[in-house]
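Peer 1: predicted coordinates and the sequence they were generated for:
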Amino acid sequence: MQLGNFSVSLAVKDIEASRAFHEKLGFAVWGGDQKQNWLILKNGSTVIGLFQGMFERNILTFNPGWDSDAKRLPEFTDIRDLQRGLKAKGVRLVSEADETTSGPTSFMVADPDGNQILVDQHV
C-alpha cells in the first residue's frame with residue numbers, strides 16, 4: 001500500500017516561534033500563509049507543516065499523488081482505493097472520503113494510541 005508523500009503536521013501554539021526554531025534546524029518556509037496561521041517548511045525532502053489553532057494534536061500526513069515537491073506523480077493509488085483497502089482490513093476510519101467522487105479528498109484514521117493519520121489527496 002503506497003500512501004504517498006509523508007509529512008508531519010504540527011499543532012503549534014506560536015507559529016512565529018515555531019518557524020524561527022525550525023529554521024535553526026535547517027528548515028525553510030516552502031509554502032503556506034503565516035497570516036492564516038499555517039506554514040509548510042522543507043529541509044531537503046523532509047516536509048513539516050506548522051498549524052496554529054487548526055487542530056489539537058500533531059498529525060501524520062500522507063499525500064497520494066504527490067512527490068515531496070508537491071508535484072503530481074504520473075502513477076499513484078487513488079485515495080478511495082486506499083480507503084477501501086483499509087476498510088477491508090478492518091481499520092476504523094475517523095473520517096471518510098466520499099467514494100463516489102474523484103479528485104481531491106481526504107480521510108483520517110487513528111492508530112491504537114490515538115495518533116491521528118490524515119490521508120489527504122490534492123490531485
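Peer 2: Yep, it's here.
Peer 1: what helix or strand does Gly31 sit in?
Peer 2: Assigned by DSSP states H and E, Gly31 belongs to strand 28-33.
Peer 1: one more: Leu41?
Peer 2: strand 38-43.
Peer 1: next up, the contacts around Thr101.
Peer 2: Arg80 (C-beta atoms under 8 Å, 6 or more residues apart in numbering). (Glycine included, C-beta is placed from N, CA and C.)
Peer 1: what's the pLDDT at it?
Peer 2: With respect to pLDDT, Thr101 scores 97.
Peer 1: can you give me phi and psi for Ala70?
Peer 2: Main-chain dihedrals, Ala70, degrees, to the nearest 10: phi 60, psi 30.
Peer 1: thought it was touching Val123?
Peer 2: No: the pair Ala70 / Val123 is not scored as a contact, 9.6 Å apart, by C-beta atoms under 8 Å.
Peer 1: identify the residues contacting the strand holding Leu41?
Peer 2: 7, 15, 19, 22-23, 25-33, 47-52, 54, 68.
Peer 1: let's see it at 6 Å
Peer 2: With contact meaning C-beta atoms under 6 Å, 6 or more residues apart in numbering, strand 38-43 is reached by 19, 22, 26-27, 29-32, 48-51.
Peer 1: what separates the nearest residue to Asp98 once chain neighbours are set aside from Phe6, distance-wise?
Peer 2: Nearest non-adjacent residue to Asp98, counting by C-beta to C-beta, 6 or more residues apart in numbering: Thr105, 6.5 Å away. Thr105 sits at a distance of 18 Å from Phe6 (criterion: C-beta to C-beta, to the nearest Å).
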